[in-house]
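J.: what would the 3D arrangement of this be:
(2 chains)
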Protein chains: 2
Amino acid sequence: MQQSIEEYIVALAQRAKKASRQLAQLTSAQKDAALEAMAQGLEANTAQILVENAKDMAAGRENGLSAALLDRLALDEKRLAQMAEGLRSVKALEDPVGEVEGMVKRPNGLLIGCQRVPMGVVAIIYEARPNVTSDVAGLCIKAGNAAILRGGKEALHSNLALSKVLRDALKGTDCPEDALLYIDQGGREATTYLMQLNGLVDVLIPRGGAGLIQHVVKNATVPVIETGVGNCHVFVDETAKIDQAIDIVINGKTTRPAVCNALETLLVHRSIAAEFLPRCAQKLKEKGVEIRGCQRTREWIPDALPASEEDYATEFLDLILAVRVVDGLDEAIAHVQRYSTGHSECIVTENYSNAQAFLQQVDAAAVYVNASTRFTDGFEFGLGAEIGISTQKLHARGPMGLKALTTTKYIVYGSGQIR
Amino acid sequence: MQQSIEEYIVALAQRAKKASRQLAQLTSAQKDAALEAMAQGLEANTAQILVENAKDMAAGRENGLSAALLDRLALDEKRLAQMAEGLRSVKALEDPVGEVEGMVKRPNGLLIGCQRVPMGVVAIIYEARPNVTSDVAGLCIKAGNAAILRGGKEALHSNLALSKVLRDALKGTDCPEDALLYIDQGGREATTYLMQLNGLVDVLIPRGGAGLIQHVVKNATVPVIETGVGNCHVFVDETAKIDQAIDIVINGKTTRPAVCNALETLLVHRSIAAEFLPRCAQKLKEKGVEIRGCQRTREWIPDALPASEEDYATEFLDLILAVRVVDGLDEAIAHVQRYSTGHSECIVTENYSNAQAFLQQVDAAAVYVNASTRFTDGFEFGLGAEIGISTQKLHARGPMGLKALTTTKYIVYGSGQIR
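T.: Residues are numbered from 1 along each chain as shown, chains lettered A, B, ... in the order given. All right, here's what the predicted structure looks like:
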């Protein structure tokens, strides 16, 4: 009998749910042994994984994928070794599961505590980056969750090889193989069913561009954590140290323009524009950055293109920077409030009150004084690893580590209390 | 020019967003003064509110609302005084906003802390209980949020009167009037638009029956916290103290059968069934409880109706109890895993290992040993107040107090760091 796509996805999620119940009972040592086995699996099967990856690369070149996409898709021995190391670094992290926070004794004698427990089944939809497959599998398992994964179709051969190797590695451990399930059929229809499996999928995390994330937010009925879209601003206040401000702008815009914590719009106080903008523009041009500015910007950078309303709302993810001259802190904050996606925002200033006001008034996952927005990252924030950067306010905000993959339950020790 | 319902809702949410930015900057003292003014407003306008409530009550009787619904709808001087006291008790709670958790100094010198901040705009859709209007308005404002409220149409006159009184009370305070907005037009179409205002509505909390909650979960694209559906179980293990188990069952089922933490299914170890079930059934019948049991149950309670599969999946919210005899802990846990809505689950036992295993293996917001499930409540858990009981795993699980109405942001103090 032919299985429908819906039946396939439901059956997959039921296997994941069953595995998640076993996973939730494992000790940290058992989970760590599973992660070590997964790392060794990658090392032992490197050649085979690279053969499969080569198929994706060939198809990608044939289909005209950009150099940037091909680079994300490519695996080699070094990258696989890094993936194995990534699993070992997750293994080395402290297990958040089990801790009981703030157990209190109530007047009636009930002992009530809030225990950190795994989410259950975590579904992750991502794009054509095969390294994500082992990264998120490791994080989910360490936090005691079963993972249902679906990567971009451009990486299908690589992901099937990786998930097979990782699942095989679990066979010799106490961790059920079904802790890692990869959706290998059903196209977009399969992911649409997945998004609506309330009761089986405990959380869905889309990792990728704005299009993917919007598709998920619109169609999912299971709880979703939005990640990643970052229209990040730096405001250079009138008291900023010019060299520091230039360093922060250049670092934010040019080190990795395609990532979500890259700088997209520069706001400059009018009193410092004459001194700051020409020098900053010079450095930006040396790095190949196209500048799109407001009228006042173009007085100081005559060859800047005019910025449109649209430009201020755009996450360029490219060597393009929108620039606006503002009359002061209030106008800068108002601009950020209007266009921010709530990711990372920065003020460069030597004025104490302006620094505090910016921190207080700007509503974003990470708000900076005098540092590059590029630091918004799980490793840089000391979380040890990262499942993504949340730009929503529920559950987790900013870089998400292991703890974001857990929830809590109240445990109550009674002695016959009734109400 | 006629304003469409969509325009009306968008304009309302924009006013809320603007108010939320002002609210986020208020001190605890300013918010407390607003709550006191709201309490005094209710006291000073009791007569006028009761006149409007009488209109709802008359219409309700005319439309044949049940006695239980009419009771929820009714206001009187005592209930209004309780609502004012409720606002004062929220005023007395510690303000969670502003606290910085775990500020760390990174190796590069960055100081990174996680600060608790308001959500922004909280939308709450509820049924015909006008007391909810002041309860949730108070909680939202104390946590620094603007609230957009929409209650059941049966309570419209009461809610319009209450929201007008509460808004008027804010006029003399530092809290903007638009901290409280009530949707007074547009019917279901209005709430559907509200559910999809991503970027304006930061979280939506439906409070009410399963139908309302499912409608919201299916249609919302903004983040939602599911509340309330509770198919709660008590498992009476073979070592249970019989009298204690009976107390817990009677308390769970009969004290307020219509609430979400009420008991719905009783599971009984077969070794204790002969002794326990007849005595427990006697007490249940004295309280007017209808028993629906499995075949083995009916051996000990011959007049019990046969329980269907459907009965075990049903939140009766009524004086009906499903009963099943099981072979032991594993079967009890498997039953709970299958039918639980993840609200409150209890084991009654004197066996240490079984108690710990039940706490560990059952996946619910609150898991009890030897105490009534009726304790799952913000006041009983010591949160001081409650905006609802979350049955989802994201963000908040179990009774939600003020903290569940806040989020965090990372604040980063730098000195020119780049990456």
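J.: so what does the top helix by length along chain A touch, helix or strand wise?
T.: Longest helix of chain A, by residue count under DSSP state H: helix A:5-23. With contacts taken as 3 or more Cβ pairs under 8 Å, 6 or more residues apart in numbering or on different chains; DSSP states H and E, helix A:5-23 sits against strand A:121-126, strand A:146-150, strand A:180-182, helix A:187-194. C-betas here are computed from N, CA, C, even on glycine.
J.: in the helix or strand that that helix is followed by, which residues are buried?
T.: Downstream of helix A:5-23, the next assigned helix or strand under DSSP states H and E is helix A:28-44. Of all the residues in helix A:28-44, those buried under the rule 16 or more other Cβ atoms under 10 Å in any protein chain shown are A:28, A:31-42.
J.: near chain B too, which of those residues?
T.: Among these, proximity to chain B is found for none (Cβ under 8 Å from any Cβ of the partner chain).
J.: tell me where the stretch 101-250 of chain A has helices.
T.: For the stretch 101-250 of chain A, applying DSSP state H, counting those that start in this stretch gives helices covering A:131-142, A:156-170, A:187-194, A:210-219, A:242-254.
J.: give me whichever of those is most buried.
T.: helix A:131-142 (a mean of 26; mean count of other Cβ atoms under 10 Å in any protein chain shown).
J.: what lies in contact with it?
T.: A:23, A:31-32, A:34-35, A:38, A:42, A:75, A:79, A:82-84, A:86-87, A:90-91, A:93, A:95, A:122, A:124, A:126, A:146-147, A:149, A:151, A:158-159, A:162-163, A:166, A:175, A:179-180, A:182, A:207, A:385, A:387, A:401-402, A:405 (Cβ atoms under 8 Å, 6 or more residues apart in numbering or on different chains).
J.: buried among those residues? Need that as a selection in ChimeraX.
T.: The ChimeraX command for the buried members of those (criterion: 16+ other Cβ under 10 Å) is given here:
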select /A:23,31,32,34,35,38,42,75,79,82,83,84,86,87,90,91,93,95,122,124,126,146,147,149,151,158,159,162,163,166,175,179,180,182,207,385,387,401,402,405
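J.: if I look at the nearest residue to residue A:350 once chain neighbours are set aside, what pLDDT would I see?
T.: In space, and not counting its chain neighbours, residue A:350 is closest to residue A:239: 4.2 Å by Cβ to Cβ, 6 or more residues apart in numbering or on different chains. Residue A:239 carries a pLDDT score of 98 in this model.
J.: list the contacts for residue A:239?
T.: Taking Cβ under 8 Å, 6+ apart, one finds A:272, A:349, A:350, A:351, A:354 in contact with residue A:239.
J.: just among those, which is most surrounded?
T.: Within those, residue A:349 tops the neighbour count with 25 neighbours, counted by other Cβ atoms under 10 Å in any protein chain shown.
J.: hmm, that one is touching residue A:355, no?
T.: Yes - applying Cβ atoms under 8 Å, one finds residue A:349 in contact with residue A:355, separated by 5.3 Å.
J.: what do the two both touch?
T.: Joint contacts of residue A:349 and residue A:355 (Cβ under 8 Å, 6+ apart) are A:369, A:370.
J.: out of the helices and strands in chain A, which is least certain?
T.: One helix or strand of chain A scores below all others by mean pLDDT, DSSP states H and E: helix A:210-219, with a mean of 88.
J.: what inclination does that helix have with respect to strand A:121-126?
T.: Helix A:210-219 runs at 140 degrees relative to strand A:121-126, counting by axes from the mean of the first three to the mean of the last three Cα atoms, to 10 degrees.
J.: contacts (any at all) between chain B and helix A:210-219?
T.: Yes - counting by Cβ under 8 Å from any Cβ, chain B has neighbours in helix A:210-219: A:217, A:218.
J.: ok, now stretch A:189-204?
T.: Yes - for a cut-off given as Cβ under 8 Å from any Cβ, stretch A:189-204 has contacts with chain B, namely A:198, A:202, A:203.
J.: just the strands in the stretch 301-419 of chain A please.
T.: A:305-306, A:320-326, A:344-348, A:366-371, A:388-390, A:398-400, A:406-417 (DSSP state E, counting those that start in this stretch).
J.: how about the residues of the stretch 201-350 of chain A by chain B?
T.: Counting by Cβ under 8 Å from any Cβ, the stretch 201-350 of chain A sits next to chain B at A:202-203, A:217-218, A:221, A:223-225, A:241, A:244, A:247-248, A:250-251, A:255, A:337.
J.: recalculate using a threshold of 6 Å.
T.: A:202, A:217, A:218, A:221, A:223, A:244, A:247, A:251 (Cβ under 6 Å from any Cβ of the partner chain).
J.: quick one, phi/psi of the fourth one?
T.: The phi and psi torsions at residue A:221 (degrees, to the nearest 10) take the values phi -110, psi -20.
J.: skipping its backbone neighbours, what lies nearest it in space?
T.: residue A:196 (4.7 Å).
J.: distance of the one you found from residue A:216?
T.: Separation of residue A:196 from residue A:216 (Cβ to Cβ, to the nearest Å) stands at 11 Å.
J.: what's the local residue count around residue A:150?
T.: For residue A:150, the neighbour count with other Cβ under 10 Å is 20.
J.: show me the contacts for it.
T.: If a contact means Cβ atoms under 6 Å, 6 or more residues apart in numbering or on different chains, then residue A:150 has A:125, A:183, A:191 as its contacts.
J.: and those as CSV, adding pLDDT?
T.: What follows is these, written out as CSV (pLDDT from 0 to 100):
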residue, pLDDT
A:125, 95
A:183, 97
A:191, 93
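J.: what's the closest of the residues you listed to residue A:298?
T.: Set against residue A:298, the nearest of those by Cβ to Cβ is residue A:125 (41.8 Å).
J.: circling back: export the helices and strands packed on helix A:5-23 to CSV and tack on distance to residue B:392?
T.: Converted to CSV, the helices and strands packed on helix A:5-23 look like this (distance: least, Cβ to Cβ, whole Å):
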stretch, distance to residue B:392
strand A:121-126, 13
strand A:146-150, 18
strand A:180-182, 22
helix A:187-194, 17
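J.: check these for me: which has the lowest mean pLDDT.
T.: helix A:187-194 (a mean of 92).
J.: and that one, what does it pack against?
T.: Applying 3 or more Cβ pairs under 6 Å, 6 or more residues apart in numbering or on different chains; DSSP states H and E, we find helix A:187-194 packed against helix A:5-23.
J.: give the buried residues for the helix it packs on.
T.: For helix A:5-23, using 16+ other Cβ under 10 Å, the buried residues are A:6, A:8-10, A:12-13, A:15-17, A:19-21, A:23.
J.: shouldn't residue A:298 be in contact with residue A:307?
T.: No - contact status for residue A:298 versus residue A:307: not in contact, 8.8 Å apart, counting by Cβ atoms under 6 Å.
J.: now residue A:266. Its backbone dihedrals?
T.: The phi/psi pair for residue A:266 (degrees, to the nearest 10) reads phi -110, psi 130.
J.: how about residue A:100?
T.: Torsion angles, degrees, to the nearest 10, at residue A:100: phi -110, psi 120.
J.: so what's it up against?
T.: A:113, A:115 are the contacts of residue A:100 under Cβ under 6 Å, 6+ apart.
J.: distance of it from chain B?
T.: With the distance defined as Cβ to the nearest Cβ, to the nearest Å, residue A:100 ends up 10 Å from chain B.
J.: thank you, goodbye.
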